[in-house]
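A.B. asks: build me a model:
(one chain, ligands or ions: 2)
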Amino acid sequence: MSGTHDGTHDRTPPVALAIAGTDSGGGAGLTADVRAFTACGVHGAVAVAAVTVQNSVGVEGFHAIPPDVVAAQIRTVAGDMGVDAAKTGMLASTEIIEAVAAAGDEVGLGTRVPFVVDPVAASMHGHQLLADDALDTLRSVLIPRATLVTPNLDEVRLLVGVEVVDDASARAAARALLDLGAGAALVKGGHLTGSPDVVDLLVCADGTERAFSSPRRDTEHSHGGGDSLASSITAGLARGMALVDAVALGKAYITRAVDHAYPLGAGHGPVSSLWSVAAWEPGA
Ligand SMILES: Nc1ncnc2c1ncn2[C@@H]1O[C@H](COP(=O)(O)OP(=O)(O)OP(=O)(O)O)[C@@H](O)[C@H]1O
Ligand SMILES: Cc1ncc(COP(=O)(O)O)c(N)n1
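C.D. replies: Numbers count the residues shown, from 1 in each chain. Ligands and ions are numbered 1, 2, ... in the order given. Next up is the predicted model:
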């Protein structure tokens, strides 16, 4: 466990690091990541890779952070407080992915430190968040370093060219992701709207396979769902859980967060972690 205990404060929690983009609307990206970290009992640190101009309706544009600044954020956090697990989200460009891989190697992401790669390519509104030429870099540079990769079905299609329509094709997609060098793949079934249950299939390089199923909720409000799932899994890993247990924690977290999602703005509202916040009164 990271950090120190000086006897005057609560016990220092594990540290999880999110390397991703901001969402000015507070629904997805780093805001969702830090909410999930807090709700799952870990301290959230952030390396900002991009700033998006975004609300519930869509993404109007983004500014990518210089790659050396992204790398420096990773190094400075790891060098001081230590990192117990890390995850990536929106990384915007080839140059940022390469900088994250290089700084990640220095601090042990994917070797000593569990490393979850959420290969974010677009927002749920269909706005592109990753340069076209960066897909190859994601495939050849980042996924081979991943303890776990967590694509949705669009990202599966882009990364390995598999059209997921059922369990067999989800398994084939996961195996293709393992062939790229990931330690495990979680193929998320949120976009398979025909089925009454949402099934996320975990396949690990050691042969372990588990399907995580929950009833499909009929809601427009699932903004930030993918980020929240990957971050809650990362929190479990930071707490020292085995991968299968961390994914079970993540699935339990996202299921509650979807159940408590709320409308916000004119578009898609966010999944929510507010159920996890204790009622709190000033002076109490
Ligand atoms: N309608 C739903 N009801 C219940 N759970 C859902 C629903 N949609 C998604 N989920 C959960 O949310 C997680 C994210 O799934 P999804 O396949 O939508 O990924 P994503 O596209 O990356 O997410 P998003 O675009 O919403 O951020 C899944 O693991 C799934 O368990
Ligand atoms: C900064 C950032 N990161 C990730 C997403 C994907 O989330 P969603 O698919 O819910 O739009 C996003 N919209 N913005």
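A.B. asks: give me the contact list for stretch 236-252.
C.D. replies: Stretch 236-252 has contacts (C-beta atoms under 8 Å, 6 or more residues apart in numbering) with 1, 14-16, 40-42, 84-85, 114, 116, 147-148, 183-184, 186, 200, 202, 204, 208, 210, 212, 214, 229-230, 232-235. (Each C-beta comes from the backbone N, C-alpha and C, glycine too.)
A.B. asks: 7 Å instead, please
C.D. replies: The contact list for stretch 236-252 (C-beta atoms under 7 Å, 6 or more residues apart in numbering) reads 14-16, 40-42, 84-85, 114, 148, 184, 186, 200, 202, 204, 208, 210, 212, 214, 229, 232-233.
A.B. asks: over to stretch 181-199?
C.D. replies: Contacts for stretch 181-199 (C-beta under 7 Å, 6+ apart): 143-144, 146-154, 156, 164, 170, 173-174, 177-178, 200-205, 211, 213-216, 225-226, 243, 247.
A.B. asks: state the mean pLDDT of stretch 207-226.
C.D. replies: Across stretch 207-226, pLDDT averages out at 96.
A.B. asks: how about stretch 187-198?
C.D. replies: 92.
A.B. asks: now the strands for the stretch 151-284 of the chain?
C.D. replies: Using DSSP state E, counting those that start in this stretch, the strands assigned to the stretch 151-284 of the chain run over residues 184-187, 197-204, 209-215.
A.B. asks: and residue 61, how many neighbours?
C.D. replies: 9 (other C-beta atoms under 10 Å).
A.B. asks: what's the burial count for the nearest residue to it once chain neighbours are set aside?
C.D. replies: Nearest non-adjacent residue to residue 61, counting by C-beta to C-beta, 6 or more residues apart in numbering: residue 53, 4.9 Å away. Number of residues near residue 53 (other C-beta under 10 Å) recorded here: 14.
A.B. asks: same deal with residue 63?
C.D. replies: For residue 63, the count of nearby residues is 11 (other C-beta under 10 Å).
A.B. asks: rewinding a little: out of the strands of the stretch 151-284 of the chain, deepest packed?
C.D. replies: strand 184-187 (a mean of 28; mean count of other C-beta atoms under 10 Å).
A.B. asks: so is that strand next to ligand 1?
C.D. replies: No: using C-beta under 6 Å from any ligand atom, we find that strand 184-187 stays clear of ligand 1, coming within 7.8 Å at best.
A.B. asks: and the nearest residue to residue 173 once chain neighbours are set aside, what does it touch?
C.D. replies: Closest residue to residue 173 apart from its sequence neighbours, by C-beta to C-beta, 6+ apart: residue 162 at 4.0 Å. Counting by C-beta under 7 Å, 6+ apart, residue 162 makes contact with 156, 169, 172, 173, 176.
A.B. asks: residues from the stretch 101-250 of the chain in reach of ligand 2?
C.D. replies: So the stretch 101-250 of the chain meets ligand 2 at 120, 123, 124, 223, 224, 225, 226, 227 (C-beta under 6 Å from any ligand atom).
A.B. asks: now a ChimeraX select for only the buried ones of these.
C.D. replies: The buried residues among these can be selected in ChimeraX (16 or more other C-beta atoms under 10 Å) with this line:
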select :120,123,124,223,224,225,226,227
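A.B. asks: skip the chain neighbours and tell me the closest residue to residue 72.
C.D. replies: Nearest non-adjacent residue to residue 72 (C-beta to C-beta, 6+ apart): residue 103, at 7.8 Å.
A.B. asks: quick one: which helix or strand includes that neighbour?
C.D. replies: helix 94-107 (DSSP states H and E).
A.B. asks: run the chain-centre distance for the helix or strand immediately after that helix in the chain.
C.D. replies: Downstream of helix 94-107, the first helix or strand assigned by DSSP H and E is strand 115-117. On the basis of C-alpha atoms, centre = their mean, to the nearest Å, strand 115-117 sits 8 Å off its chain's mean C-alpha point.
A.B. asks: does residue 144 count as helix, strand or coil?
C.D. replies: Of the three states, residue 144 takes helix under DSSP: H, G, I helix; E, B strand; the rest coil.
A.B. asks: per-residue pLDDT, it?
C.D. replies: The per-residue pLDDT reported for residue 144 equals 98.
A.B. asks: check the closest residue in space to it that isn't next to it in sequence and give its pLDDT.
C.D. replies: Sequence neighbours aside, residue 181 is the residue nearest to residue 144 in space, at 3.0 Å (criterion: C-beta to C-beta, 6+ apart). Residue 181 carries a pLDDT value of 98.
A.B. asks: fine, thanks again, bye for now.
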